[in-house]
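Trainee: Turn this into a structure:
(2 chains)
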Amino acid sequence: MTEPLLETRGLSKQFGGLAAVNDVSVAFEAGRVHAVIGPNGAGKTTFLNLLSGEMRPTSGAVLFKGSAITGLTPDRIARLGIGRSFQRTNVFTELTCFENCWIAAQSRLPTSLRFFRPAGRRGDLAAAARDSLEQCGLIDRQDRIAAALSHGERRQLEIAMILATQPELLLFDEPLAGMGYRESQDVIALLRRIAQSHTLVLIEHDMDAVFSIADRVTVLVNGTVLETGPVAAIQSSPAVQAAYLGAEEQP
Amino acid sequence: MRPIPRSLLGILLVIVALLAVFPQFVERYYVQLATKIIVMAIFAMSLDLLVGYTRLVSLGHAAFFGLAGYALAVLQRDLGLVSLWTTLPLTLVVCALAALLVGALAIRTSGIYFIMVTLAIAQMLYYFANDTKALGGSDGMFLATKPTAELFGVAIFDLKNRTTFYYFALAALVASFLVARMVLASLFGRAIDAVRCNEPRARALGFTTWHYKLAMFTIAGTVAGLAGYVGAAQDGIVNPAFLSWHQSGQALVIVILGGMGTLYGPVAGAFVLIVLEDVAAGITEHWLLFIGVFVIAVVLLLPRGIASLPLGDFAGRLFGRGARKRAAAEPGDD
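Mentor: Numbers count the residues shown, from 1 in each chain, chains lettered A, B, ... in the order given. Here you go, the predicted model:
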């Protein structure tokens, strides 16, 4: 087993009396696609928010490359090389696709407190933006305002933005949510390509997609880990079938 | 930041040229009125940096306008500084530091709370000035003299001359506009775009968003200080009204009237509102009623302000560039 890129130890998040995430310890290995699945309300999105810094855990620790990042703000965590997508696609809707990715690339500069030189002269950022649009198949849409894109394209744009920040680890919160079959297939293909050179943590409802992309799966139920293992083991686990898969497959 | 269309740039240059020759053709009263308008235009433009470009709605922006006036008065009276070259930079530094401090407190909040915090801080300054004998209390402070502009012992221009003062104010307006344009076109300006459009997304990409909001708050406060300096120097007096929420509120009305997020919109807004006030006040003592109706009408009919009037198209035809042709060549660009 390789050294985990990201690891949680006893991670918990309380909302009042409710333990949304309860003592979760998971190791995410470098170069793998690790899916987190579970029924609605299992605490998947809360768990992801704890990883990306959108929420602070009540207790427990998050380690990235062996050092604690618990409680850091989202911008600090992003700068360490962890990019994330949101369940409700989150882009700069007033700006064009190109500008969206341009700004994403800019976020990697040590600081943007630079007031004098026109930003338009930064050919390096323009090149990075175009490169990420190319990877996500949006290069012919680069001058379109993000608000005018289809739902699937907007999701691709969000992924392009994350790629433009050159992350090592990408966190995806239900990247296939609300998408038609064709759009889903495009995004699945894109995730597969990204997985060749990145580590992915994927929260997803679509079981077929999860089992076709992921290497490892963690099943979350009521905020606690039911089981973690390779895809085949999870698919055949009686406990998982009883708690989750079985319930869904019944007519 | 969307670049200003070329056709509109032409119009702006024509307007600046008209403003430059304007004092040669009118009575002194109108030169003074125009100076007053320019002061308000600089002030409103500085507020536009916050309201229009950063979506930080401040109702306490007069704090920096008034602070600059008091800073100039105190520098003159207590330190004996009369030169433009010392009092202007010192005043701007005072305003920048104050804005940095106020901003550090205020930008921890957002939305309605930001409005309340900025209003509260400005009102504290108002009552401080109003109740402090050393600052002249409610009467304010007189300025013994206009700032002097000497270079190697020779006066290069004389601000006591009203027309010269007008050109001084006009130069301050043009300089403010150019500095604002430069800042908005820089990497910082792009980061501000990101913060305005979607702050959570900007943060998740790695932008430490409060740095940029605080920097913009400081820049806006400093430019407001420039307006306050010129305003106090023109009036020869600074009083608590400089700091009042009426002053902040009027700038906000001008920004909305002129068009947020355009810079030139608030300049147009200042001209329209103050000229209208001047005309209406000459006709009836119920002039405020007319101003109110006018503001409501503009907001209802032109939600994006005076700046959204199709002046660009008009200028395009005027300068033979064909704005319509360009629009067809760039589909989807707004």
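Trainee: Close to chain A: what parts of the stretch 51-200 of chain B are there?
Mentor: B:182-183, B:185-191, B:193-194, B:197-198, B:200 (CB under 8 Å from any CB of the partner chain). Backbone N, C-alpha and C define where each C-beta goes, glycine included.
Trainee: For these, pick the one with the most neighbours.
Mentor: Within those, most neighbours by other CB atoms under 10 Å in any protein chain shown means residue B:191, with 28 neighbours.
Trainee: Does that residue touch residue B:202 like I think?
Mentor: Yes: in this structure, residue B:191 is within contact of residue B:202 by CB atoms under 8 Å, at 7.4 Å.
Trainee: Of the residues of the stretch 51-200 of chain B next to chain A, just say which sits nearest to residue A:181.
Mentor: residue B:198 (29.1 Å; CB to CB).
Trainee: OK, contacts around the residue nearest to residue B:111 when sequence neighbours are not counted?
Mentor: For residue B:111, ignoring the flanking residues on the chain, the nearest one in space by CB to CB, 6 or more residues apart in numbering or on different chains is residue B:57 at 8.0 Å. Residue B:57 sits next to B:50-51, B:111, B:114-115, B:252 when contact means CB atoms under 8 Å, 6 or more residues apart in numbering or on different chains.
Trainee: Can you classify residue B:57 by secondary structure?
Mentor: coil (DSSP: H, G, I helix; E, B strand; the rest coil).
Trainee: how near is it to chain A?
Mentor: As judged by CB to the nearest CB, to the nearest Å, residue B:57 and chain A stand 18 Å apart.
Trainee: follow-up on the earlier one: got TSV for the residues of the stretch 51-200 of chain B next to chain A, with secondary structure too?
Mentor: Below are those laid out as TSV (three-state DSSP):
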residue	secondary structure
B:182	helix
B:183	helix
B:185	helix
B:186	strand
B:187	helix
B:188	helix
B:189	helix
B:190	helix
B:191	helix
B:193	helix
B:194	helix
B:197	helix
B:198	coil
B:200	helix
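Trainee: among the contacts of residue B:57, who's most crowded?
Mentor: Result: residue B:50 is most packed of the contacts of residue B:57 (other CB under 10 Å), 25 neighbours.
Trainee: roughly how far apart are it and residue B:58?
Mentor: According to CB to CB, to the nearest Å, residue B:50 stands 5 Å off from residue B:58.
Trainee: Repeat that for residue B:23.
Mentor: 33 Å.
Trainee: roughly how far out does stretch A:39-46 sit from the chain middle?
Mentor: Relative to its chain's centre, stretch A:39-46 lies at 15 Å (CA atoms, centre = their mean, to the nearest Å).
Trainee: still on that earlier bit, which one of the residues of the stretch 51-200 of chain B next to chain A is nearest residue B:288?
Mentor: Nearest member of these to residue B:288, counting by CB to CB, is residue B:183, at 35.6 Å.
Trainee: which residues sit in contact with the closest one?
Mentor: Counted by CB under 8 Å, 6+ apart, residue B:183 has contacts A:115, B:49, B:189, B:219.
Trainee: May I have stretch A:22-30 exported as CSV, CA atoms only?
Mentor: Taking C-alpha atoms only, stretch A:22-30 is exported to CSV below (Å, rounded to 0.1, in the frame of the first residue of the first chain):
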residue,chain,number,x,y,z
ASN,A,22,-19.0,10.8,13.2
ASP,A,23,-15.5,9.5,13.8
VAL,A,24,-14.5,9.0,10.2
SER,A,25,-11.0,7.7,9.4
VAL,A,26,-10.3,7.1,5.8
ALA,A,27,-7.0,7.1,3.8
PHE,A,28,-7.0,8.3,0.2
GLU,A,29,-4.1,6.9,-1.7
ALA,A,30,-2.2,8.9,-4.3
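Trainee: tell me which residues of it are tucked away?
Mentor: A:22, A:24, A:26-29 (16 or more other CB atoms under 10 Å in any protein chain shown).
Trainee: from these, which two are the most distant?
Mentor: A:22 and A:29 (23.1 Å).
Trainee: Just the buried residues of stretch B:81-101, please?
Mentor: Going by 16+ other CB under 10 Å, stretch B:81-101 has these buried residues: B:81-82, B:84, B:87-88, B:90-92, B:94-96, B:98-99.
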